[in-house]
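[1] give me a model of this one.
(chains A, B, C and D)
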Number of protein chains: 2
Amino acid sequence: MDKLDRDILAVLQTDARISLQELSKRVGLSSSPCWTRIRRMEESGVIEGYTVRVNPQAVNLAETVIVQVTLDSHSDEALFAFGRALADIPEVLEALLVSGDYDYILRIAVSDTRDYERLLRERLYKIPGLRHSKSSFVLRSLKQSPLPLHR
Amino acid sequence: MDKLDRDILAVLQTDARISLQELSKRVGLSSSPCWTRIRRMEESGVIEGYTVRVNPQAVNLAETVIVQVTLDSHSDEALFAFGRALADIPEVLEALLVSGDYDYILRIAVSDTRDYERLLRERLYKIPGLRHSKSSFVLRSLKQSPLPLHR
DNA sequence: ACTGAAAAAAACAGTGC
DNA sequence: GCACTGTTTTTTTCAGT
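    Residues are numbered from 1 along each chain as shown, chains lettered A, B, ... in the order given. All right, here's what the predicted structure looks like:
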């Protein structure tokens, strides 16, 4: 992981479908070493994979909700059971175990507020062990940036 | 946007570097229409781009912190100034304007707690108009999943 | 809109510096 | 570790159904 590797990652983070030729030109290298470096980062796990960025509105998931959750118990079993319940809810994109006032922070994608109300009532509130939850609707996204590789 | 389009997106979300041949086989189509559909979704903005998923630990950004922020004022100007200040901080990966007790939710990536302390002191606390902030360290990520395309 | 095949471009592998 | 060159694979285009 030297500067060239980080340069390559920085380019791939903004456009992973760029051709090897164009990529190597941008980082100031010929294509072979560029390709070798990418391969090495893929195999060592630095590169975890490649994904497409989908416009949430286009697939009817325009609303994002951040939910903070407290559990009744903090036993391993309760924690595990809660995690399993969340895994079954496709709208829950992300679940983070956090320090602080709450136990979990959830990122949820729904089509609208009615859809969210339904999700809350039919799925989240039915999870055993959930003591309290607080929802924050995302009104606007101010920033969305890849990992800073050149600090 | 029919079922086939969603099928294609679902595959690309898990692996965007799959070959057209393999992709078309999985969605039960030959490669030409598959390619046409991808192209159409790229041009219509359904597909926003392609990115690499980088292992944060490998680039020395192992710690994630979720910060909730309240501003002094909610004027357009204050809001805009705060957004501009955040744009200049590379560690701030995401900034969401939200409803609820707080004004903003920030996702921050740092190498460790000392790095975060420095960021807080030297950058965040220096932003004018920031009234209050509450940090939650991410202890573990329980779930991380792409958009549900087949609900 | 899909199929199948041909043309263009890129990825990949090997060689020498 | 890098540049160059050749082979293979993939992407892209196009005529036909």
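
[2] can you give me how far the helix or strand bottoming out on mean pLDDT in chain A is from the chain middle?
    Ranking every helix and strand in chain A by mean pLDDT, DSSP states H and E puts helix A:76-87 at the bottom, with a mean of 92. Between the centre of helix A:76-87 and the centre of its chain there are 19 Å (C-alpha atoms, centre = their mean, to the nearest Å).

[3] which residues touch it?
    The contact list for helix A:76-87 (C-beta atoms under 8 Å, 6 or more residues apart in numbering or on different chains) reads A:71-72, A:92, A:95, A:97, A:104, A:106, A:127-130, B:142-143. C-beta here means a position set from N, CA and C on the backbone, and glycine is covered the same way.

[4] just give me the closest of those to A:Thr36.
    Set against A:Thr36, the nearest of the contacts of helix A:76-87 by C-beta to C-beta is B:Lys143 (34.3 Å).

[5] tell me, how many residues neighbour the closest one?
    With neighbours defined by other C-beta atoms under 10 Å in any protein chain shown, the count for B:Lys143 comes to 16.

[6] before we move on, what about A:Ile47?
    22.

[7] could you check how far it is from A:Thr70?
    Distance, A:Ile47 to A:Thr70, by C-beta to C-beta, to the nearest Å: 36 Å.

[8] what's the answer for A:Ser32, then?
    54 Å.

[9] who's more crowded, those two?
    A:Thr70 (15 against 10).

[10] got a list of what the more buried one touches?
    Per C-beta under 8 Å, 6+ apart, neighbours of A:Thr70: A:Asp101, A:Tyr102, A:Asp103, A:Leu130, A:Arg131, A:His132, A:Ser133.

[11] among those residues, name the buried ones.
    Buried by 16 or more other C-beta atoms under 10 Å in any protein chain shown: A:Tyr102, A:Asp103, A:Leu130, A:Ser133, out of those.

[12] among those residues, which two are most distant?
    Top of the distance list for the buried ones among the contacts of A:Thr70 (C-beta to C-beta): A:Tyr102 and A:Leu130, 11.4 Å.
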